[in-house]
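J.: turn this into a structure:
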Amino acid sequence: MENYVLMALAATLFTWFVTALGAATVVFFKTPNPKILNIMLGFAAGVMIAASFWSLLQPAIERAQLVSRLPPYIVTTFGFLFGAVFIWLSDKAVTLARKKENSFDEADNKFNRILMLVLSITLHNIPEGLAVGVAFGALKNGFTSEGVMGAVSIAIGIGLQNFPEGAAVSLPLRREGYSAKKSFWFGQASGMVEPIAGVLGALLVVYVEQLLPYALSFAAGAMVLVAVHELIPECQKNEKTNSYFSTMGIVLGFATMMLLDVMLG
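T.: Predicted structure coming up:
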């Protein structure tokens, strides 16, 4: 295996590890306080909305300008809408299958919410892993210190962004009544796709470069739909006495993710 592929694997194992660290924040909620979990659910929604633009749509537009024959706004709009429709159809398919089994109840409703959340974050991690792999795969044309440092910077930036994203999965699961152990497991599992995508990106750098704008915007559409349809309404439940409590969690999550994305490039 070429050196650049091994480097891509090592880099994406790092980004997965940081996702796991973010998911591990759930262990601090041994006796969950509903208000704290509500604000953390809002935080997760804010993280996802910010990541959909700063981590996904903006890079998709930039890459489409470089590699696509179509106008960038066509590429990103198509990918964004397709991502949202994909999650919506996935939810409908799971609901229909369970209704046919005559077993659809509130527990199944909860399962659908969890499935949509984990699926959207996982889809978001695939193009991020591909982006790291593409950066290292480009080194096959020649190792330069600038190229290596550029690829390493992308991996570090994506890795640090993954910390709040790991929490964005595990904390809502904890709120739904899952144990801290299960919540952590699902949270870190959402990042397991990054090493696989990273290696594929390094091996198929030319082909992936053409598809990456679509993949990035697809993931953005999936994340926005889940954040708006599931997380935001859920975090606003039982907030009559302090309607801005969970809303400030959304604002804080958005600001945190925006800060990391812009600061780390």
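J.: would you check that Gln210 makes contact with Arg69?
T.: No. If you go by CB atoms under 8 Å, Gln210 and Arg69 don't touch, sitting 9.6 Å apart. C-betas here are computed from N, CA, C, even on glycine.
J.: please identify which of those two sits among more neighbours.
T.: Under the neighbour definition other CB atoms under 10 Å, Gln210 and Arg69 were set side by side, and Gln210 has more, 13 against 7.
J.: pLDDT value on the residue nearest to that one when sequence neighbours are not counted, please?
T.: Leaving out its chain neighbours, the residue that sits closest to Gln210 by CB to CB, 6 or more residues apart in numbering is Val67, at 5.5 Å. Listed pLDDT for Val67 reads 84.
J.: neighbours of Val67, how many?
T.: Neighbour number of Val67 under other CB under 10 Å is 15.
J.: try Val132
T.: With neighbours defined by other CB under 10 Å, the count for Val132 comes to 32.
J.: so which strand or helix has it?
T.: Val132 belongs to helix 106-137 when assigned by DSSP states H and E.
J.: please identify the buried residues of that helix?
T.: Within helix 106-137, the residues that count as buried by 16 or more other CB atoms under 10 Å are 108, 111-114, 116-137.
J.: for the very next helix or strand once past that helix, what is the average pLDDT?
T.: Tracing the chain past helix 106-137, the next element assigned as helix or strand by DSSP H and E is helix 145-175. Averaged across helix 145-175, the pLDDT comes to 77.
J.: tell me the angle helix 145-175 makes with helix 106-137.
T.: Using axes from the mean of the first three to the mean of the last three CA atoms, to 10 degrees, the inter-axis angle of helix 145-175 relative to helix 106-137 is 170 degrees.
J.: other SSEs contacting helix 145-175?
T.: Packing partners of helix 145-175 (3 or more CB pairs under 8 Å, 6 or more residues apart in numbering; DSSP states H and E): helix 3-23, helix 34-51, helix 106-137, helix 180-189, helix 245-264.
J.: what is the mean pLDDT for the helix holding Val132?
T.: Per-residue scores along helix 106-137 average to 77.
J.: how far away from the center of its chain is it?
T.: Averaging C-alpha positions (CA atoms, centre = their mean, to the nearest Å) puts helix 106-137 5 Å from its chain's average.
J.: against which helices or strands is that helix packed?
T.: Applying 3+ CB pairs under 8 Å, 6+ apart, one finds that helix 106-137 makes contact with helix 3-23, helix 34-51, helix 72-100, helix 145-175, helix 180-189, helix 193-203, helix 205-226.
J.: nearest to Glu234 among those helices would be which one?
T.: Closest to Glu234 of these is helix 34-51 (CB to CB; 6.0 Å).
J.: how far out from the middle of the chain is the closest one?
T.: The answer for helix 34-51 is 14 Å, by CA atoms, centre = their mean.
J.: stretch 203-219 now?
T.: Distance, stretch centre to chain centre, for stretch 203-219: 16 Å (CA atoms, centre = their mean).
J.: Gln205: neighbour count?
T.: Rather than Gln, residue 205 is Val. Residues lying near Val205 (other CB under 10 Å) number 22.
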